[in-house]
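> sequence and predicted structure below; questions after.
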Amino acid sequence: MKIQSLSLLLSTLTAFANATIFGFNVVSLTGQQNTKLGVKYNNNEVAVLNPTVYPLYSGGVNANKIDKYKYVIVDDTGKVIEEENIERTYSEENSKINEVFNRTTKSVTIPPLPKALKSLYPMGSKKFTPFPNNEIFNIYANCNEVYEDIKNQPFKDGVRNDAISNCTISIITPTETFQSTGVIRPIGFGSRLYKKLSWIIKLDKKFMGRKAIKVRAMATDPTLMREKFNTDLYAAVGVPVQEGTYARVIINQDVWGLYYAMDSLSKNWFSAYLHGGDKAKVGTDYKLISTHPTGPYADLKYQGDDVAAYTSDVYQVDEISTQDTEAIQKDPQGKYRLVQFTKLFDEWNGKYQNDNSEAAVDALKQFLDVETTLRIMAVETLTLAEDNFWLVMSNVALYYNLEKNNYVFIPFDFDETLKGIQGDYFKENYLDDCLTWATDIPNFDHYFTNSLMRHPLIVERFKIILAKTVRDTFNHDSASSHIDGLVNLIHEDVEWNFGLIDKLQSSYTEGQVNHFTLKNFEDNVNNSPVPYDKEINVNDAPYGLKEYITLRGDKCGTFTKDVVIPASDLVVDDEPNSTISSYKVTLFLILSQFILFLFF
């Protein structure tokens with residue numbers, strides 16, 4: 001007996017010595033904290049994992065070997081109630097990643113859109129870099145009772161319910177775990193007509209350099225990528241834009257689905273994207289709000305020096321600069337720089353409206369970033385933006401750059417782009433028109449943009465920007481690989497996302513709903529429309545995304561076929577897709593100087 005006991009003890013110690021701790025980390029998408037996640041390994045053994053920062057579950061399994069495994073959902077007794085469809089292969093690399101239940105762990109490569117034009121701005125800083133383009137975040141908010149009121153009543157008596165709910169917010173990326181207190185509230189007006197709401201999250205601690213993140217619902221888009229593509233297009237032409245990535249969003253026990261998580265306009269964003277650092281002097285920005293088709297419109301007409309004439313229902317002061325002491329002294333409410341812009345433009349227009357010389361454009365450049373303005377107009381021409389700057393003077397911010405003492409427009413919210421829907425304002429030949437497509441709006445004279453486009457040199461520059469963007473970026477060949485990369489990233493989440501809207505516990509019966517399908521997604525990414533069907537969907541998509549890009553790109557390519565691109569626009573520094581890289585230019589100059597040295 002003693003010999004047998006000693007042998008058993010030795011074998012046990014040997015097995016223990018040879019065992020390894022296998023680590024697992026997995027995100028739950030159930031929203032139910034009365035269940036847990038576990039890992040099933042070696043065919044039928046199950047280990048229950050522990051919640052760390054919910055919805056992340058982690059733990060280690062002591063075993064001699066684990067090759068294949070699956071994640072499972074277990075009840076309070078440890079009984080398996082659901083098993084994922086994926087069979088995983090264990091690796092040391094995967095053990096360091098926050099995996100997601102029933103989602104393949106993979107490395108996705110998304111080819112960037114080719115750069116058409118070099119940006120005039122830093123587009124980020126060391127402490128505030130763009131979100132990774134090839135990851136899906138997981139955002140969970142545990143909020144107080146105010147959230148239920150917001151969810152069920154995004155409007156109260158016809159007015160936006162902008163109540164704020166206090167929350168604890170967790171963000172789980174494939175490689176990071178973050179938690180902070182903060183608040184959430186719904187955003188937008190048109191977006192809250194839908195049951196799937198969009199939100200802004202404000203954090204008390206910084207996540208990747210930012211304290212504010214917008215999560216946009218994409219409720220009207222069967223491809224779930226038009227906003228993302230539009231954002232990437234702006235970045236490709238060098239326009240400062242709030243970039244983002246995808247995120248799965250859960251609030252309390254409500255699983256809202258796949259969202260587009262992006263930056264909001266904030267002091268941190270302006271500091272990084274327009275100034276390149278945290279120590280920059282940040283100016284004040286104004287959001288332009290137009291009500292179409294009845295008005296009022298944010299027409300940027302000078303109304304005199306009285307700030308009260310520039311009402312908040314049209315011009316919303318967003319971020320007030322505390323460093324702009326002159327402006328604060330003039331108007332503590334923050335509208336002084338807006339008034340000064342309208343005054344400067346009024347004076348310029350009055351003096352130069354019949355002057356076609358370079359002096360007129362140079363005078364405008366003294367206080368306005370004309371180049372970025374024209375790039376925005378070129379992108380909106382290609383995307384046929386129905387609720388943005390050129391068409392209705394909305395969803396755009398006017399930013400006073402305190403360091404440069406000038407103004408720049410910043411576009412945002414692109415849920416009404418890249419659809420090709422004629423709408424109420426476009427002419428019969430709207431898809432063929434790449435210059436005057438945005439001119440027919442009731443009760444709106446397009447004072448600002450018409451004043452710009454009255455000058456031949458400005459129109460000439462607009463055509464160059466449009467031509468360069470079409471030839472390099474906005475065409476089927478350039479866009480397809482980028483779109484295919486996005487499809488690869490989100491494909492496993494698409495059907496899950498579309499199916500969640502009918503499971504959402506909400507009494508917001510007036511909220512509109514689209515019941516898009518996986519087939520709608522796959523078809524509309526490419527060349528097939530999603531027709532209107534009042535019994536199923538409230539929105540349609542008459543063109544597939546690639547189909548629309550090809551069609552509109554070809555039309556505007558024909559319009560600009562004779563445009564000659566200046567040599568200065570052919571160089572995009574350090575960009576692999578540029579026509580002439582800065583490296584080649586530098587090498588050419590060095591060789592030229594060396595040859596001159598040898599022979600002369």
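Thanks, I have the structure now.
> distance from the chain centre to stretch 302-322, please.
27 Å (CA atoms, centre = their mean, to the nearest Å).
> what is the top helix by length along the chain packed up against?
Ranked by residue count and defined by DSSP state H, the top helix of the chain is helix 476-499. Where contact means 3 or more CB pairs under 8 Å, 6 or more residues apart in numbering; DSSP states H and E, helix 476-499 is packed against strand 136-143, helix 226-236, strand 244-251, strand 254-263, helix 518-525, helix 545-559. In short, each C-beta sits where N, CA and C put it, glycine included.
> repeat that for 6 Å
strand 254-263, helix 518-525 (3 or more CB pairs under 6 Å, 6 or more residues apart in numbering; DSSP states H and E).
> and the closest residue to Ala235 other than its chain neighbours, how far from Ala327?
Among residues not flanking Ala235 along the chain, Val241 sits closest, at 5.8 Å (CB to CB, 6 or more residues apart in numbering). As judged by CB to CB, to the nearest Å, Val241 and Ala327 stand 25 Å apart.
> looking at the two, which is more packed in?
Between Val241 and Ala327, Val241 has the larger neighbour count (other CB atoms under 10 Å), namely 26 against 22.
> is it true that the more buried one touches Tyr234?
Yes. Counting by CB atoms under 6 Å, Val241 touches Tyr234, with 3.9 Å between them.
> quick one: Leu418 and Ala385 touch, right?
No. Contact between Leu418 and Ala385 fails when scored by CB under 6 Å: they sit 8.6 Å apart.
> more neighbours, these two?
Set side by side, Leu418 and Ala385 show more neighbours around Ala385, with 28 against 24, by other CB under 10 Å.
> now the end-to-end length of stretch 242-259.
End-to-end distance for stretch 242-259: 15 Å, by CA to CA, to the nearest Å.
> pLDDT of it, averaged?
Confidence over stretch 242-259 (mean pLDDT, whole number) is 98.
> please apply the same query to stretch 328-347.
97.
> ok, residues contacting it?
Here stretch 328-347 makes contact (CB atoms under 6 Å, 6 or more residues apart in numbering) with 284, 286, 300, 302, 307, 310, 315, 317, 320, 327, 367, 400, 407.
> which of the helices and strands packed on helix 476-499 sits closest to Val538?
Minimum separation from Val538 across these (CB to CB) falls at helix 518-525, 13.5 Å.
> list the buried residues of the closest one.
With burial defined by 16 or more other CB atoms under 10 Å, the residues of helix 518-525 counted as buried are 520-525.
> out of those, which comes closest to Ser165?
The closest of those to Ser165 turns out to be Phe521 (CB to CB; 31.1 Å).
> excluding sequence neighbours, find me the nearest residue to that closest one.
Val494 (4.8 Å).
> what about that neighbour, distance to Lys519?
Taking CB to CB, one finds Val494 at 10 Å from Lys519.
> with Thr325 instead?
Counting by CB to CB, the gap from Thr325 to Lys519 is 59 Å.
> export stretch 21-28 as PDB, just CAs?
Provided in PDB are the C-alpha atoms of stretch 21-28 (Å, rounded to 0.1, in the frame of the first residue of the first chain):
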ATOM      1  CA  ILE A  21      -1.000  27.100 -17.700                       C
ATOM      2  CA  PHE A  22      -3.000  27.900 -20.900                       C
ATOM      3  CA  GLY A  23      -4.400  31.500 -20.800                       C
ATOM      4  CA  PHE A  24      -7.700  32.600 -22.300                       C
ATOM      5  CA  ASN A  25      -9.400  36.000 -22.700                       C
ATOM      6  CA  VAL A  26     -12.800  36.400 -24.300                       C
ATOM      7  CA  VAL A  27     -15.500  39.100 -24.700                       C
ATOM      8  CA  SER A  28     -19.100  38.200 -24.100                       C
END
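> which other residues reach that stretch?
Outside stretch 21-28, the residues touching it (CB under 6 Å, 6+ apart) are 37, 39, 55-62, 66, 71, 95, 98-101, 138, 172.
> report the mean confidence score over it.
The pLDDT scores in stretch 21-28 average 97.
> and that stretch, which residues are buried?
Buried residues in stretch 21-28, counted by 16+ other CB under 10 Å: 22, 24-28.
> using JSON lines, lay out these together with secondary structure and distance to Ala467.
Formatted as JSON lines, the buried residues of stretch 21-28 follow (DSSP: H, G, I helix; E, B strand; the rest coil; distance: CB to CB, whole Å):
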{"residue": "Phe22", "secondary structure": "strand", "distance to Ala467": "57"}
{"residue": "Phe24", "secondary structure": "strand", "distance to Ala467": "53"}
{"residue": "Asn25", "secondary structure": "strand", "distance to Ala467": "49"}
{"residue": "Val26", "secondary structure": "strand", "distance to Ala467": "49"}
{"residue": "Val27", "secondary structure": "strand", "distance to Ala467": "45"}
{"residue": "Ser28", "secondary structure": "coil", "distance to Ala467": "50"}
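> out of these, which comes closest to His482?
Val27 (26.6 Å).
> how does the chain divide up, domain by domain?
Listed domain ranges for the chain are 19-100, 136-472, 476-568, 570-600 (source: automatic domain parsing).
> what distance do you get for Ser28 to Asp413?
31 Å.
> give the burial count for Leu452, as a bare number.
Counted with other CB under 10 Å, residues neighbouring Leu452 total 22.
> before we move on, what about Lys419?
23.
> helix, strand or coil for it?
Following DSSP: H, G, I helix; E, B strand; the rest coil, Lys419 is assigned to coil.
> quick one, what contacts it?
Ala541 are the contacts of Lys419 under CB under 6 Å, 6+ apart.
> wait, Arg192 sits on Pro186?
Yes. Between Arg192 and Pro186 there is a contact under CB under 6 Å: 5.4 Å.
> and Thr325, its phi and psi?
Here is the backbone geometry of Thr325 (degrees, to the nearest 10): phi -60, psi -40.
> pull out the buried residues from the helix or strand Ile328 falls within.
Using DSSP states H and E, Ile328 falls within helix 325-330. With burial defined by 16+ other CB under 10 Å, the residues of helix 325-330 counted as buried are 327-328, 330.
> what ranges do the strands span in the stretch 351-500 of the chain?
Remark: strands assigned in the stretch 351-500 of the chain by DSSP state E, counting those that start in this stretch are 396-401, 406-411.
> and of those strands, who's closest to Tyr352?
Smallest distance to Tyr352 across those (CB to CB): 16.9 Å, for strand 406-411.
> and the closest one, how far out from the chain middle?
How far strand 406-411 lies from its chain's middle: 18 Å, per CA atoms, centre = their mean.
> alright, I will stop here.
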